[in-house]
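Novice: Here's a sequence, model it:
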Amino acid sequence: MKVLLSAFSCAPGIGSEYGVGWNWTITLAEIGYDVTVLTHRRNRSSIERMIAEAPHDHLRFIYISLFPSDRVPGFILLHYLYYYAWQVKALFVVLRRGIWKRVDIVHHLTYGGIRTGSLLFLVPKPFIFGPVGGGETCPMRLVSPLGVVPFGREAIRRLFNTISFVDPIFVLMQARAKKLFVRTIETGGHIWPIFRGKMKVASDIGSSFSVPRDPVRSRHHLIRVLFAGNLYYFKGVDVVADAMKILDSRGPGYRLTIAGEGPRRSAVQEKLNLFRNTPAILLGRVPQSTLFSLYQDTDVFVFPSYHDSGGTVILEAMSFGTPVVCLDLGGPPHVAGTAGIVISVTGRSYAEVCSDVAEAIERLASTEGSIDYARRRSLERARELTWEHTVRSVYDDLEK
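Specialist: Below is the predicted model:
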């Protein structure tokens, strides 16, 4: 089968959507599909370096940019306006060059959100969309304690999710699509009921590595707790800081590391400064190689995100045999499965959720053998969720 894959974000050696685009591309080629990838020109240098090291006969890239410069606006509104314009240009490139005549199926992958959609459904070939997320929300009671700005942002997110449901282009895309893949049931709720017969819940992430070692590691004097992610309110970094504050009040026994950058940095640093018994460091953004080293040197990875639809860092941590704690919101609990500790937020206040997270960390740390058992389960789960498993779960479904 010849696939035209739209992956605006696609680059090796980077996490998030770049990693999703790249790993789907490589995995499809390795499985045996003939793949043509539409991506942004800023990804060209890193892609070509990697392809030079490991050539693929059935893999081609078409690099598209709106302007001579490869820069993409950082301001969020301009960024998405740029992205929509890029989609228009990508559609014209596909039609003008006759690329669509040489493929069997058109697949939109990244950006993987319902609010961004895709214009490639206009290409006269079978079209698939996803897996995508973005339809997840969280209880407003978990946001309101963080201030007016996070509360307002969450309200705006809900508004745009509502608008996407009635967006005529998004509705036409659903009608035209052969298959619609969503990461979570919450996102599936934004698909029109008449089109849900061609909808399926599927992951967009996979594990490409497992640490080849015994997951039982030597005990540290302090239980090492890690959070990694952008420091936005919805990533749950405040929950981590406030949960660790509860444990800090009970005496020494833990060390906290936070890796990431974002608008909540100052607020989180103020919370860490109040700790009396717990060494805590806020590293800022770190390269992926450093993050992998942190996973290996961590006893518990805590990622209480409010509405991540994927959960890449959850899977990365488990790939290193690191136990995870997350909330039952969005994609992370689906990734963690029974290998992680999943905290229910149903009917719980912000303070109660923080207390539950603290209790989960303490339970792992204090019960003999709990961390070692959780490490083994984490590795088992990561080995189940390979990139090949993820890609085949979508493409095998297409061929039924």
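
Novice: From now on I want contacts and neighbour counts done on CA atoms only, so please keep to that.
Specialist: Fine.

Novice: Give me the domain ranges for the chain.
Specialist: Domain ranges of the chain: 2-205+386-398, 223-384, per automatic domain parsing.

Novice: Can you say which of these is packed in most?
Specialist: domain 223-384 (a mean of 20; mean count of other Cα atoms under 10 Å).

Novice: could you give me the average pLDDT of it?
Specialist: Averaging pLDDT along domain 223-384 yields 92.

Novice: Repeat that for stretch 66-85.
Specialist: Computed over stretch 66-85, the average pLDDT equals 86.

Novice: now it, how far from the centre of its chain.
Specialist: 21 Å (Cα atoms, centre = their mean, to the nearest Å).

Novice: cool, stretch 270-290 as well?
Specialist: 22 Å.

Novice: got a pLDDT number for residue 213?
Specialist: Model confidence at residue 213 (pLDDT) stands at 51.

Novice: Going forward, the N-terminal residue is numbered 17.
Specialist: In the new count, where the first residue is 17, that last one comes out as residue 229.

Novice: quick one: the helices in the stretch 17-166 of the chain?
Specialist: 32-47, 60-69, 92-112, 164-182 (DSSP state H, counting those that start in this stretch).

Novice: Now do the longest one: which elements does it pack against?
Specialist: Spelled out, it's helix 92-112. When contacts are defined as 3 or more Cα pairs under 8 Å, 6 or more residues apart in numbering; DSSP states H and E, helix 92-112 sits against strand 75-80.

Novice: Direction included, what does the strand it packs on pair against?
Specialist: strand 50-56 (parallel) (DSSP bridges).

Novice: Need the contact partners of the strand it pairs with.
Specialist: 17-26, 41, 44-45, 74-81, 106 (Cα atoms under 8 Å, 6 or more residues apart in numbering).

Novice: got a list of what residue 244 touches?
Specialist: Per Cα under 8 Å, 6+ apart, neighbours of residue 244: 274-276, 307, 319, 329.

Novice: Who is it paired with across the strands?
Specialist: Residue 244 has these beta-bridge partners by DSSP bridges: residue 275.

Novice: where does it sit relative to residue 142, distance-wise?
Specialist: Taking Cα to Cα, to the nearest Å as the measure, residue 244 falls 38 Å from residue 142.

Novice: With residue 348 instead?
Specialist: 31 Å.

Novice: One more: residue 104?
Specialist: 19 Å.

Novice: now do residue 371
Specialist: 49 Å.

Novice: before we move on, what about residue 320?
Specialist: Counting by Cα to Cα, the separation of residue 320 from residue 142 is 38 Å.

Novice: repeat for residue 25
Specialist: In terms of Cα to Cα, residue 25 sits 22 Å off from residue 142.

Novice: Quick check: which ranges of the stretch 117-266 of the chain have low pLDDT?
Specialist: 225-236 (pLDDT under 70).

Novice: okay, stretch 113-133 in CSV with CA atoms only?
Specialist: Extracted in CSV, the C-alpha atoms of stretch 113-133 (Å, rounded to 0.1, in the frame of the first residue of the first chain):
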residue,chain,number,x,y,z
ARG,A,113,2.1,17.9,-8.5
GLY,A,114,-0.3,15.0,-9.0
ILE,A,115,1.1,13.3,-5.8
TRP,A,116,-2.3,12.0,-5.0
LYS,A,117,-2.4,9.9,-8.2
ARG,A,118,0.6,7.9,-6.9
VAL,A,119,-0.9,6.9,-3.5
ASP,A,120,-3.6,4.5,-2.3
ILE,A,121,-4.5,6.3,1.0
VAL,A,122,-4.1,9.7,2.6
HIS,A,123,-3.4,9.8,6.3
HIS,A,124,-3.4,13.0,8.5
LEU,A,125,-1.3,12.4,11.6
THR,A,126,0.2,15.6,13.0
TYR,A,127,-0.9,18.0,14.4
GLY,A,128,-3.0,15.4,16.1
GLY,A,129,-5.8,17.5,17.5
ILE,A,130,-9.5,17.8,16.7
ARG,A,131,-9.4,21.6,16.7
THR,A,132,-6.8,21.7,13.9
GLY,A,133,-8.5,19.1,11.7
